[in-house]
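dropping the sequence and predicted coords here.
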Amino acid sequence: MTRSIDYGTLMHRAMRGLIQEVLTDIAENGLPGAHHFFITFDTTHPDAELADWLRERYPSEMTVVMQHWFEALEVGDDGFGVTLNFGEAPERLYVPYEAIRTFVDPSVEFGLRFETQDSDDDEDEDEGAPLEEVDGAVGAQEETGEVVSLDKFRK
């Protein structure tokens with residue numbers, strides 16, 4: 001049996017490490033300038049923690065925004081916890097890095113997308129890929145197959 005280098009897994013690990021490093025800096029120093037994040041994650045991941053009403057409202061995935069109001073950002077080796085405001089109701093979330101599907105900072109048109117593909121043995125393999133630019137903005141592929149431009153979220 002020949003051994004090979006699994007570049008997909010190595011990229012996946014490196015990109016998750018990049019997110020961890022960015023969030024660690026934000027936890028210590030706050031968001032600089034116009035930076036803010038749209039983070040989409042899999043709410044069905046066994047280690048994802050969110051309020052029951054949020055899980056019911058977002059049964060498969062959820063996008064959170066870290067911009068004006070967030071607190072108690074705690075960054076660990078396997079994921080991060082943060083308290084966000086949902087219509088004047090603060091809620092604590094825990095998001096494992098493995099549950100992240102997209103990480104976007106539209107202020108600098110930076111984004112990462114983690115694609116899940118079924119392998120022959122029915123195990124999920126995540127492979128990271130940079131987001132493509134769509135009409136000058138970073139876009140993310142939704143489950144419907146429709147490309148979403150993040151220009152509408154810019155001020």
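Arrived safely. If you're wondering where the values come from, they're calculated on a predicted model, not measured in any experiment. Numbering: from 1, shown residues only.

list the buried residues in stretch 20-36.
Across stretch 20-36, burial judged by 16 or more other CB atoms under 10 Å covers 20, 22-23, 26, 31, 35-36. To be clear about C-beta, it is placed using only N, CA and C from the backbone, and glycine gets the same treatment.

run the chain-centre distance for the longest helix anywhere in the chain.
The helix of greatest length in the chain, counted in residues with DSSP state H as the criterion, is given as helix 7-29. Distance of helix 7-29 from its chain centroid, counting by CA atoms, centre = their mean, to the nearest Å, is 11 Å.

before we move on, what about stretch 40-56?
The offset between the C-alpha centroid of stretch 40-56 and the centroid of the whole chain comes to 13 Å, using CA atoms, centre = their mean.

now it: mean pLDDT?
Stretch 40-56 shows an average pLDDT of 92 in the prediction.

between the two ends of it, how far is it?
For stretch 40-56, the first and last residues are 16 Å from each other (CA to CA, to the nearest Å).

just stretch 45-59 next, same as before
Rule used - CA to CA; the end-to-end distance of stretch 45-59 is 11 Å.

and the longest helix of the chain, what does it pack against?
Using 3 or more CB pairs under 8 Å, 6 or more residues apart in numbering; DSSP states H and E as the contact criterion, the secondary-structure elements in contact with helix 7-29 are strand 70-75, strand 100-105, strand 110-118, strand 124-130.
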